[in-house]
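Enquirer: Here is my input; please provide its structure:
(one chain, ligands or ions: 2)
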Amino acid sequence: MRGLVFLVLLQVCTGQFNPNVVCGRTSIVHLFEWRWEDIAEECERYLGPNGFGGVQISPPTENLIVTNPKRPWWERYQPIGYKICTRSGDEQQFRNMVTRCNNVGVYIYVDAIINHMCGSGVDKRTSSTCGSPYDANERSFPTVPYLRQDFNDNKCNTGSGNIEDYRDVNQVRDCRLLSLLDLALEKEYVRGKIADFLNKLIDIGVAGFRLDASKHMWPGDIQVIMSRLNNLNTEWFPNGSRPFVFQEVIDLGGVGISVTEYFGIGRVTEFKYGAKLGTVIRKWNGEKMAYLKNWGEGWGFMPADRALVFVDNHDNQRGHAGDSILTFFDSRMYKMAVGFMLAHPYGFTRVMSSFSWTRNFVDGKDTNNWIGPPSHFNGSTKAVSINENTTCGNGWVCEHRWRQIKNMVLFRNVANGQALTNWWDNGENQVAFGRGSTGFIAFNNDDRDMDVTLNTGLPAGTYCDIISGQKEATYCTGIQIAVSSTGTANVKINSSAEDPFIAIHINAKL
Ligand code: LAG
Ligand code: CA
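Expert: Ligands and ions are numbered 1, 2, ... in the order given. Okay, here's the model as predicted:
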């Protein structure tokens, strides 16, 4: 009895930091711009069976329709109300998705935009995804409703009303980001409207939120709003479960707002992670994989239990945060980076799943980075089609379905809770490490072949490499790795290999 009480309390206390994933699942995937119907299908046919813990979805809130350029992906970051009605689907489709995904143990994390509404200069004749009226000039959003007094126009002290100097925290929090109408989050009325909106999603069954533009909100305001959120729906979650919260704060270590201000509320995006890992895998600035030995807090990152980590996200894959970021466009290096992330114990991991577009670099800047999801001429989003070889079609990249990435998601589940062990490196770009007696991974990012005998920590036996192939019923479709009775294995990786890394784990043992 006493044990039971303790367990329940523990659940409550770990609240907003606990991802709420099914026990033994360890990653979520961002299905950027996917339709709710496609996500429901994907949960059932792929994510559930392959051990994914959840899906970060694109903003579900009604947004304005941008026609110039034609239907950019970023129009969804300009909400005009809280109706669930976007190119991804309507409320009924949303409910259906949540139910179906929850039923297979894949939970939904909503990208919630609560800092702002649409841009300040938007013409009121502009249409919206559900046809609801609004008037940006009048600061009027009748479906909420919000009026002039619900915005920060008076509080902001810059001439333009926009953020002009990122060193001034008052501007960053109280002025308009990219001219987006900034909500007065200290107002009781506004807090109530936002809490109602988030609680509606919680009651439908979502497991948590990505808080968009958290840097632009006072931590104290976020804290109050979060404290008003319901516990998760007990149809799927244990009594007293708190919504998982991860706050989007870009802190690359320079001047301005620090991620530390947000640790009391929930997890925080660690943007240094992908920027640094990209630099290492690209071997820029003299970086080497050998230096990854103390990856994590040792690199100046936030505490592991606060970090939400990723190789790329929907913004920085478009060049918003430096050139080092690896994406599906650099697939060979990208797979190594995602493989490293998923093998390494630091942080809670998010895998990116993108749509493709044709880049057009002018003076180093991609002038096509606005292009929206694959869509029909009338602007509706195309369905995700699945090819016979399990990859996606219609312009959907589906990195999460790449064998190497999918198998590393499973690796992370198998290795969950195990410390990093048996680190080895050659002083350059050949590295290897294990996760206790559950998994082992080795990389060769040097220009010379690798042929070494290493301690894996694994029980003796024959294992299937899950990068070049995987284990089928009784055989390996790719490379086999033999682990000796002392736990050592000979690891050979040609520098020219299609994927210059190998990974094995106890569930891939013959
Ligand atoms: C975010 N996180 O804090 C999102 O991850 C990011 O994708 C959002 O920007 C931003 N914050 C606001 O939610 C995106 C685009 C912007 C776009 C904005 C609003 O990266 O380019 O701004 O969404 O749609 C666009 C224009 C701006 C214009 C603004 C308002 O690019 O020039 O000022 O709309 O009209
Ligand atoms: Ca703000």
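
Enquirer: CA only for contacts and neighbour counts going forward, please
Expert: OK.

Enquirer: Spit out the contact partners of T129.
Expert: Contact analysis of T129 by C-alpha atoms under 8 Å, 6 or more residues apart in numbering lists E62, N63, L64, I65, C85, T86, R87.

Enquirer: and the longest helix belonging to the chain, what does it pack onto?
Expert: The residue-count maximum for a helix in the chain (DSSP state H) belongs to helix 188-204. Helix 188-204 makes packing contacts with helix 219-227 when contacts are defined by 3 or more C-alpha pairs under 8 Å, 6 or more residues apart in numbering; DSSP states H and E.

Enquirer: Please spell out which residues along the helix it packs on are buried.
Expert: Buried positions in helix 219-227, judged by neighbour count with 16 or more other C-alpha atoms under 10 Å: P219, I222, V224, I225, M226.

Enquirer: what do you get for stretch 318-336?
Expert: R318, G319, A321, S324, I325, L326, T327, F328, M333, Y334, K335, M336.

Enquirer: Closest to W295 out of those residues?
Expert: Distances from W295 to the buried residues of stretch 318-336, taken as C-alpha to C-alpha, are shortest for M336 (15.1 Å).

Enquirer: Touching, that closest one and A503? I think so.
Expert: No. M336 lies out of contact with A503 (C-alpha atoms under 8 Å); the separation is 11.0 Å.

Enquirer: Quick check: bridge partners of the most centrally placed residue in the chain?
Expert: Closest to where the C-alpha atoms of the chain average out (C-alpha atoms, centre = their mean) is R350, at 3.9 Å. Listed by DSSP bridges, the beta-bridge partners for R350 are I28.

Enquirer: show me the residues around it that make contact.
Expert: R350 sits next to S27, I28, V29, H30, L308, V309, F310 when contact means C-alpha under 8 Å, 6+ apart.

Enquirer: Am I right that F329 sits in a strand?
Expert: No. F329: not assigned to a strand; according to DSSP: H, G, I helix; E, B strand; the rest coil it is helix.

Enquirer: so how far is Q317 from it?
Expert: 9 Å (C-alpha to C-alpha, to the nearest Å).

Enquirer: Mind listing residues that contact the longest helix of the chain?
Expert: For helix 188-204, the external contacting residues (C-alpha under 8 Å, 6+ apart) are 82, 95, 98, 114, 144, 146, 150, 183-185, 208, 224-226, 228-233, 243.

Enquirer: Looking at this structure, what residue ends up closest to ligand 1?
Expert: Across the chain, no residue is closer to ligand 1 than A213, which sits at 3.1 Å (C-alpha to the nearest ligand atom).

Enquirer: Could you give the number of residues near that residue?
Expert: As a burial measure, A213 scores 19 neighbours (other C-alpha atoms under 10 Å).

Enquirer: Same check on the one 5 residues further on?
Expert: Per other C-alpha under 10 Å, the neighbour tally for W218 reads 19.

Enquirer: got a list of what it touches?
Expert: Neighbours of W218 in contact, by C-alpha under 8 Å, 6+ apart: R173.
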